[in-house]
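**Q** Next one to model:
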Amino acid sequence: MGLRDLEDAFNRYVFDEVPVRMLYLPQMKLLERDALKRLYQPHIDEITDEDLRDNPLGRSAAIEERVRRHLKYGILSHRWLSLEPSFQDIMRGETLEGSGWEKLRKFCEVANKVYGVELVWSDTCCINKTSSSELDESLRCMFRWYRNASICIAYLAETSSIEEFYNDEWFTRGWTLQELLAPRIIRFFRKDWVPLTNNRNDKADHATNRPILDVITKVTGISPQDLQAFIPGPFQVDARMVWAASRRTTRSEDVAYSLMGIFDVSIPIAYGEGAQRAFFRLVEAIMQASNDTGVLNWAGKPAQIHGLSTAFPSAPACYVGRPDNVRSLADEKREFSLTNRGLRIQLLVIPVDLVTTVTPPMTFIQDRATFRCKALKIGNLTIEGPFFPVLERTGTNRYAYSLGVINYAMIQGESKNPILPKSCLAYLLTRLKGTRSFAKMALSVCHDWEKVETKTFITFNLPQDPTVVKRNLLTTVWI
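**A** Numbers count the residues shown, from 1 in each chain. Below you'll find the predicted structure:
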């Protein structure tokens with residue numbers, strides 16, 4: 001019987017941190033977690049208290065290092081080719097010909113001979129895709145599996161040199177984004193299975209890695225710092241969404257599912273729900289896990305989910321073009337949550353006048369409209385969008401507009417007035433005149449605002465930095 005804390009750590013690692021099953025190379029046989037535990041248990045039982053005293057970080061770190069050393073595995077990142085080996089093929093012991101089978105053979109060979117692992121994982125043959133529960137677990141845990149791998153081998157089937165990264169489809173697919181970010185050690189191989197560098201880890205902070213890291217940064221927009229030491233979590237949401245904006249997936253819902261690990265959130269897998277609903281649920285999960293306002297920094301088409309809210313983006317592309325020069329005056333977080341009335345959030349709601357005119361029978365302004373804000377002394381502010389409602393069919397002007405400023409901060413002290421930085425970010429809000437609360441444009445609670453769809457982000461500059469505004473402009477809205 002081994003050491004109790006070591007045994008507990010071994011069990012947790014086998015059943016929580018590694019794939020459901022892996023390919024055991026000495027036998028070319030798929031082993032599930034129970035079989036893995038039985039296979040490596042004798043190695044764990046040989047570890048003594050004396051073995052655990054040599055780690056300067058303490059016993060827990062020594063246990064983790066020992067467990068990972070004995071249960072190390074390689075993982076494949078790739079694009080699917082023709083005739084990929086399936087779970088059923090491996091279970092039947094079949095060996096077929098084709099580019100997919102050749103890729104698996106070369107991957108196993110490199111992982112074993114170069115990196116000394118006898119366990120490997122590939123999404124082609126290690127997932128029983130006829131089991132919905134297993135597929136669900138695999139998609140939710142995949143980031144963790146890539147993070148825990150001893151080596152990630154990235155096979156670029158269209159590349160012969162680093163300069164060809166720009167045209168390789170591996171850099172355009174949804175799932176390969178987390179396969180790039182998650183591994184601590186990754187090695188890129190060109191189409192003839194020759195490594196693209198002489199380094200054992202293409203993420204290592206070494207001068208010889210600068211060329212490959214610089215090209216990956218140019219291709220993906222991801223900084224070398226994030227490539228080398230990415231931390232998953234529901235923060236820097238707007239910047240990370242841009243990384244995914246131009247990537248494609250075969251199943252539309254995978255646009256959302258492939259981002260779960262990057263933001264460290266979990267949502268149920270429900271193929272058939274559609275891309276917008278899946279992405280809506282992803283953004284909702286991010287909001288529930290964090291109060292970082294980056295998730296609000298979007299423009300474009302909102303998700304159409306029962307008309308519940310106009311404040312949820314429809315896709316990662318809504319974050320493209322986000323202004324990176326807009327900041328808050330303090331590291332303040334916003335409290336916001338989805339309710340059955342829409343997204344509940346406090347904004348600085350500042351009335352604006354519509355300058356652009358419309359002549360009946362037209363009831364709306366198309367493409368762009370110009371506004372003016374007397375309260376903040378903003379001249380002509382032109383906003384692009386599909387359309388801006390102005391008149392009812394009777395010709396009566398019934399629509400009021402306001403700016404809902406996001407990046408404000410609060411002065412600490414007795415006055416507790418909001419303050420604005422020089423560069424402000426806002427939503428354009430609208431509602432019908434004549435509603436119960438219209439007479440007081442700055443009520444503390446307003447239920448009837450809607451976020452207007454705009455093609456571009458709404459930013460404006462103020463003459464002073466900072467600018468103090470009246471507290472009664474701070475309004476809780478449901479949008």
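**Q** in this structure, which helix or strand is least confident?
**A** Taking mean pLDDT, DSSP states H and E as the measure, the chain has strand 445-446 as its least confident helix or strand, at a mean of 54.
**Q** burial count for the nearest residue to L39 once chain neighbours are set aside?
**A** Spatially, and ignoring its direct neighbours in sequence, L39 is nearest to L31 (6.7 Å; CB to CB, 6 or more residues apart in numbering). Just so you know, the C-beta spots here come from the backbone N, C-alpha and C atoms, and that holds for glycine as well. Here the number of neighbours of L31 (other CB atoms under 10 Å) works out to 17.
**Q** would you say L31 is within a helix?
**A** No: L31 is assigned strand when assessed by DSSP: H, G, I helix; E, B strand; the rest coil, not a helix.
**Q** ok, it touching V18?
**A** No: L31 is beyond contact range of V18, at 10.7 Å (criterion: CB atoms under 8 Å).
**Q** I'd like the distance from the closest residue to Y24 other than its chain neighbours to A311, if you could.
**A** Residue nearest to Y24 in three dimensions, not counting chain neighbours: L31, with 4.8 Å by CB to CB, 6+ apart. Distance, L31 to A311, by CB to CB, to the nearest Å: 47 Å.
**Q** still on that earlier bit, identify the bridge partners of the residue nearest to Y24.
**A** For L31, the beta-bridge assignment (DSSP bridges) gives partners M22.
**Q** residues touching it, list them.
**A** R21, M22, L23, Y24, L39, L119 (CB atoms under 8 Å, 6 or more residues apart in numbering).
**Q** How about L376?
**A** Neighbours of L376 in contact, by CB under 8 Å, 6+ apart: I350, L420, F460, L462, T467, V469.
**Q** Just give me the closest of those to D54.
**A** L420 (56.3 Å; CB to CB).
**Q** Mind pulling up the pLDDT for the closest one?
**A** L420 is assigned 92 on the pLDDT scale.
**Q** Give me the contact list for stretch 282-297.
**A** Contacts of stretch 282-297 (CB under 8 Å, 6+ apart): 233-239, 256-257, 259-260, 263-267, 303, 311-313, 319, 322-323, 326, 328, 333-338, 345, 406-407, 425, 457.
**Q** any low-confidence regions in the stretch 301-450 of the chain?
**A** Scanning the stretch 301-450 of the chain with the threshold set as pLDDT under 70 gives 325, 327-333, 393-396, 412-415, 434-447.
**Q** Show me where the stretch 1-150 of the chain has its helices.
**A** Assigned by DSSP state H, counting those that start in this stretch, the helices in the stretch 1-150 of the chain fall at 4-12, 33-45, 59-70, 87-92, 99-115, 132-148.
**Q** need the ones you listed in JSON lines with distance to D205, can you?
**A** Shown next, in JSON lines, are those (distance: least, CB to CB, whole Å):
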{"stretch": "helix 4-12", "distance to D205": "29"}
{"stretch": "helix 33-45", "distance to D205": "32"}
{"stretch": "helix 59-70", "distance to D205": "21"}
{"stretch": "helix 87-92", "distance to D205": "37"}
{"stretch": "helix 99-115", "distance to D205": "20"}
{"stretch": "helix 132-148", "distance to D205": "18"}
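**Q** wait, which of those is closest to K433?
**A** helix 132-148 (47.6 Å).
**Q** quick one on the thing from earlier: I'd like the helices of the stretch 1-150 of the chain laid out as CSV, including distance to S161, mean neighbour count and mean pLDDT.
**A** Below are these laid out as CSV (distance: least, CB to CB, whole Å; neighbours: other CB atoms under 10 Å; pLDDT from 0 to 100):
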stretch, distance to S161, mean neighbour count, mean pLDDT
helix 4-12, 43, 15, 96
helix 33-45, 38, 15, 96
helix 59-70, 34, 16, 94
helix 87-92, 33, 15, 94
helix 99-115, 19, 18, 96
helix 132-148, 25, 18, 97
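**Q** E163: which of these is closest?
**A** Proximity to E163, assessed across the helices of the stretch 1-150 of the chain by CB to CB, is greatest for helix 99-115 (22.7 Å).
**Q** which helices and strands does the closest one pack with?
**A** Here helix 99-115 touches strand 74-77, strand 119-121, strand 151-155, going by 3 or more CB pairs under 8 Å, 6 or more residues apart in numbering; DSSP states H and E.
**Q** which of those strands is buried the deepest?
**A** Of the helices and strands packed on helix 99-115, the one with the most neighbours on average (mean count of other CB atoms under 10 Å) is strand 74-77, at a mean of 27.
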